[in-house]
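J.: the sequence isn't on hand, but the structure is:
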């Protein structure tokens, strides 16, 4: 079922590419995808609106690579737990779909542009003790819906997910990615983030 949802998500991304490629703006940014009514209906029918977060990106002709990382907040600092590599980007416009439920379990990253498409799944085997912790915790996911400027070689946070036994999570948690110490003030047990980074470096250079 997950495989079929992934394939159908790619189809949904393909439907939208014509809208992405028509933009003539030279501004570089990434933002939550604005789905058409047809795309929304397909997403709702397939349940993709519950499992996938979709973003449109606009760079320039000098972009060469992209890196999507999953991070965990450990002792006040972000630590990469999945990703860390990169992939070639040959088109300046495209769409990214992030598929996950519990980020700690794994994330599926699909990228679609005019001339290229592909997907990769990052999985992490959780310790039994951590699984037991999660089973008794609530989960809150915040998505950065505003337009984020693309600056080469600078991380852009897309998603923040909090696993906590607390009854209340502050609504502004997504704003704290660059101030990770703020999360510790609220005593959340587990905080995860998914970020993207665009670069003018090749994949080999980016991975060094």
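T.: All right, it came through fine. This one's a predicted model, so the numbers in the text were calculated from it and none came from an experiment. Residues are numbered from 1 along each chain as shown.
J.: return, as residue ranges, the portions of the protein with sub-threshold pLDDT.
T.: Counting by pLDDT under 70, the ranges of the chain that qualify are 1-26, 46-51, 127-129, 131-132, 171-172.
J.: just the strands in it please.
T.: With DSSP state E as the criterion, the chain has strands at 29-32, 52-58, 65-74, 77-82, 87-88, 93-99, 106-113, 117-123, 138-143, 148-149, 156-164, 190-199.
J.: how about those, which one is nearest residue 184?
T.: Nearest of the strands of the chain to residue 184, taken as CB to CB: strand 65-74 at 8.1 Å. C-beta: built from backbone N, CA, C; applies to glycine.
J.: tell me the bridge partners for the residue nearest to residue 139 when sequence neighbours are not counted.
T.: With sequence-adjacent residues excluded and distances taken as CB to CB, 6 or more residues apart in numbering, residue 139 is closest to residue 163, at 5.5 Å. Beta-bridge partners for residue 163, by DSSP bridges, are residue 139, residue 190.
J.: how about residues contacting stretch 152-159?
T.: For stretch 152-159, contacts defined as CB atoms under 8 Å, 6 or more residues apart in numbering pick out 30, 53, 55, 62-63, 69, 96, 98, 103, 141-144, 148, 150, 174, 177-178, 193-201.
J.: among those residues, which ones are buried?
T.: 30, 53, 55, 63, 69, 96, 98, 103, 141-144, 148, 150, 174, 177, 193-199, 201 (16 or more other CB atoms under 10 Å).
J.: save the strands of the chain as JSON lines, and put in distance to residue 43 too.
T.: As requested, those are arranged in JSON lines below (distance: least, CB to CB, whole Å):
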{"stretch": "strand 29-32", "distance to residue 43": "13"}
{"stretch": "strand 52-58", "distance to residue 43": "8"}
{"stretch": "strand 65-74", "distance to residue 43": "21"}
{"stretch": "strand 77-82", "distance to residue 43": "25"}
{"stretch": "strand 87-88", "distance to residue 43": "24"}
{"stretch": "strand 93-99", "distance to residue 43": "10"}
{"stretch": "strand 106-113", "distance to residue 43": "14"}
{"stretch": "strand 117-123", "distance to residue 43": "17"}
{"stretch": "strand 138-143", "distance to residue 43": "14"}
{"stretch": "strand 148-149", "distance to residue 43": "22"}
{"stretch": "strand 156-164", "distance to residue 43": "17"}
{"stretch": "strand 190-199", "distance to residue 43": "19"}
